[in-house]
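[1] Predicted structure and sequence below. I'll ask about it afterward.
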Amino acid sequence: MSSTTNVLDFSDIYTEILNKMRQPTNVTAITAQAKRYANTALQEMVFGFEYKLPWLERTGYITTMAPYTEGTVAIAAGSTTLTGDTTLWTTTNIYGVANARTTGKIELGTGDVYTINTVGASSITLNQRYVASEDLAAGSSYTYFEDEYALPADFLKPVDYGCFSLALKFPVIGRNDFRRRYPAPRIGGIPQACTIIDKAFTTTTVQPLTVQFYPYPSTNLLIPFEYITKNLAVTSAGAEAVSMSGDTDEPQLPVRYRNALVSFAIAKWYRDKKDDARAGSAEAEYADAVTRIVTDQRIGANTNMQIQPKVGMYGNRPYSGSRMRYSTNSSFDNFRT
């Protein structure tokens, strides 16, 4: 720990908290409490102002797969086993992935779309039984497509909900609205909208996220996108982590602003001790630090030159004598008479 410079790493932060709270630094339970407050401070700061914190922005890429229709299929009504002929579903394509995957969907003769449980070279197990009045005969055509793609494990949220990708310029829509607008993903084309979906847990406690496009991509596309990472700390070896744990871990926050974590932690500690006066004082320090962060010219402030109308023009021009001025076009906003 440095004793002459600003707090730098996790050890500096929680030790500073303990010192300011006049707590011993050699009691495991009290030290653990200080560490917990420090990580809580980091989480609260980021989740409240992540749109102002550019150091948490990352760039990801999605390579979409064109629909796959090679070979023919057959399936019995009421069955979940789809049999393929010369389909080569497990063969790797030029992009390094199999021609069909469990992340894709398949449209069969009835026009219904089915999700996939398992994929074999010449058979696919569906998650739902094939619903039809008769079997789908051998030699029938099909369309395999992918409208959902995995997001990075550290994905927290898009940088801009109004534009998921600057390359294609389409918005991120809330999942309920997305379902209402696009209930049946049977149409292919260039994506016009997307939504973020939480998937079921699989092998870890980290819930996987996917992005679902509509229409589903009808060709191979490289879609770059900007997002906010959920990794708020970094180890001394440069590995990102969700929170600080090792003494040499550092928060993803400029060094000049790391004292804000100490102020926040102290405020919550005093709050839990029912000392409202000291809690309020620490919260004021934290609020001042956050204000400086979000108005930092490099971080949050927009310092570009802007043209703004004088208030007097809006305050005085709408009226002429006793006659109110109305405009059915843009003349008023453009200051035309």
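    Looks like it arrived, so ask away.

[2] for this structure, what helix or strand is lowest in average pLDDT?
    strand 319-320 (a mean of 44; mean pLDDT, DSSP states H and E).

[3] can you map out the helices along the chain?
    For the chain, the helices defined by DSSP state H cover 10-20, 28-49, 175-181, 259-272, 276-294, 311-316.

[4] Ok, which of the ones you listed comes nearest residue 78?
    helix 175-181 (27.3 Å; Cβ to Cβ). The way it works is simple: take the backbone N, C-alpha and C, and place the C-beta from them, glycine included.

[5] list the helices and strands the closest one packs on?
    strand 193-198, strand 209-214 (3 or more Cβ pairs under 8 Å, 6 or more residues apart in numbering; DSSP states H and E).

[6] Kindly format the C-alpha coordinates of that helix as CSV.
    The C-alpha trace of helix 175-181 is given here as CSV (Å, rounded to 0.1, in the frame of the first residue of the first chain):
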residue,chain,number,x,y,z
ARG,A,175,-38.1,-7.9,-25.4
ASN,A,176,-41.9,-7.6,-24.7
ASP,A,177,-42.3,-5.0,-27.5
PHE,A,178,-40.1,-7.1,-29.7
ARG,A,179,-42.3,-10.2,-29.2
ARG,A,180,-45.4,-8.2,-30.0
ARG,A,181,-44.0,-6.7,-33.1
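
[7] any idea how far that helix is from the chain center?
    Counting by Cα atoms, centre = their mean, to the nearest Å, helix 175-181 is centred 18 Å from the centre of its parent chain.

[8] What count of nearby residues applies to the nearest residue to residue 19 once chain neighbours are set aside?
    In space, and not counting its chain neighbours, residue 19 is closest to residue 25: 7.5 Å by Cβ to Cβ, 6 or more residues apart in numbering. Neighbour count for residue 25, taken as other Cβ atoms under 10 Å: 12.

[9] What average pLDDT does stretch 245-259 get?
    For stretch 245-259, the mean pLDDT works out to 94.

[10] Run through the stretch 1-150 of the chain and note the low-pLDDT ranges.
    Residues of the stretch 1-150 of the chain that meet the criterion pLDDT under 70 lie in 1-5, 49-52.

[11] Can I get the helices of the chain in TSV including distance to residue 77 and mean neighbour count?
    Formatted as TSV, the helices of the chain follow (distance: least, Cβ to Cβ, whole Å; neighbours: other Cβ atoms under 10 Å):
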stretch	distance to residue 77	mean neighbour count
helix 10-20	61	21
helix 28-49	50	17
helix 175-181	28	12
helix 259-272	61	22
helix 276-294	61	15
helix 311-316	69	10
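
[12] For residue 58, which of the ones you listed is the nearest?
    Comparing these by their distance to residue 58 (Cβ to Cβ), the top pick is helix 28-49, with 13.5 Å.

[13] what are the C-alpha coordinates of the closest one, in PDB please?
    Output of helix 28-49 as PDB, limited to C-alpha atoms (Å, rounded to 0.1, in the frame of the first residue of the first chain):
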ATOM      1  CA  THR A  28     -10.500 -10.400   9.400                       C
ATOM      2  CA  ALA A  29     -14.300  -9.800   9.800                       C
ATOM      3  CA  ILE A  30     -13.900  -6.000   9.900                       C
ATOM      4  CA  THR A  31     -11.500  -6.100   6.900                       C
ATOM      5  CA  ALA A  32     -14.000  -8.200   5.000                       C
ATOM      6  CA  GLN A  33     -16.700  -5.700   5.700                       C
ATOM      7  CA  ALA A  34     -14.500  -2.800   4.400                       C
ATOM      8  CA  LYS A  35     -13.800  -4.900   1.200                       C
ATOM      9  CA  ARG A  36     -17.500  -5.500   0.700                       C
ATOM     10  CA  TYR A  37     -18.300  -1.800   1.000                       C
ATOM     11  CA  ALA A  38     -15.600  -1.000  -1.500                       C
ATOM     12  CA  ASN A  39     -17.000  -3.300  -4.100                       C
ATOM     13  CA  THR A  40     -20.500  -2.100  -3.400                       C
ATOM     14  CA  ALA A  41     -19.300   1.400  -4.000                       C
ATOM     15  CA  LEU A  42     -17.700   0.400  -7.300                       C
ATOM     16  CA  GLN A  43     -20.900  -1.300  -8.500                       C
ATOM     17  CA  GLU A  44     -23.200   1.600  -7.500                       C
ATOM     18  CA  MET A  45     -21.000   4.200  -9.200                       C
ATOM     19  CA  VAL A  46     -20.900   2.200 -12.400                       C
ATOM     20  CA  PHE A  47     -24.500   1.200 -12.600                       C
ATOM     21  CA  GLY A  48     -25.600   4.700 -12.000                       C
ATOM     22  CA  PHE A  49     -23.300   6.500 -14.400                       C
END
